[in-house]
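[1] Next come a sequence and a model predicted from it.
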Amino acid sequence: MDYSFILRSEAVKEFADAYIWYEEQQEGLGDLFETKLQNKLNRICHYPFHYKTIHKNFHQALIDTFPFLIVYTIDEDLKQIVVIAIFHTSRNPKKKFRK
């Protein structure tokens with residue numbers, strides 16, 4: 001059974017900031033980032049336990065082509081992926097575990 005997903009407000013902001021930055025660098029690059037993000041989210045929804053647990057109940061998956069991680073938790077009762085962060089890999093790793 002596939003899981004649904006929700007993005008926490010912090011993750012939405014991180015995505016929007018990255019999208020805008022990539023579009024400013026090159027037209028269409030933000031759209032490619034969005035496509036790669038959506039592809040990885042779809043894979044996570046199909047195989048949520050495929051990506052290893054990195055801290056307590058947090059999982060992370062690297063977005064293809066871009067230096068970003070999707071940090072998420074799994075709500076088994078609701079069959080839902082909760083995306084905590086769209087996290088740039090150059091940032092302090094301790095900041096990706098916020099709730």
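    Perfect, thanks for sending it.
[2] How much space separates L37 from I63?
    For L37, the distance to I63 equals 6 Å [Cβ to Cβ, to the nearest Å]. Just so you know, the C-beta spots here come from the backbone N, C-alpha and C atoms, and that holds for glycine as well.
[3] Could you tell me which residues touch both of those two?
    Common contacts of L37 and I63 (Cβ atoms under 8 Å, 6 or more residues apart in numbering): I70.
[4] Which strands or helices does the helix or strand bottoming out on mean pLDDT in the chain pack on?
    Taking mean pLDDT, DSSP states H and E as the measure, the chain has strand 53-55 as its least confident helix or strand, at a mean of 85. Strand 53-55 sits against no helix or strand, with contacts defined as 3 or more Cβ pairs under 8 Å, 6 or more residues apart in numbering; DSSP states H and E.
[5] Which residues does the helix or strand A18 falls within contact?
    Per DSSP states H and E, A18 falls inside helix 9-25. Helix 9-25 is contacted from outside by 7, 29-34, 37, 66, 68, 83-88, 98, using Cβ under 8 Å, 6+ apart.
[6] Buried ones in that helix, by neighbour count?
    Neighbour-count burial for helix 9-25, counted by 16 or more other Cβ atoms under 10 Å, picks out A11, E14, F15, A18, Y19, Y22, E23.
[7] Same check on stretch 65-83?
    Under 16+ other Cβ under 10 Å, the buried positions of stretch 65-83 are F66, F68, L69, I70, V71, Y72, T73, I74, Q80, I81, V82, V83.
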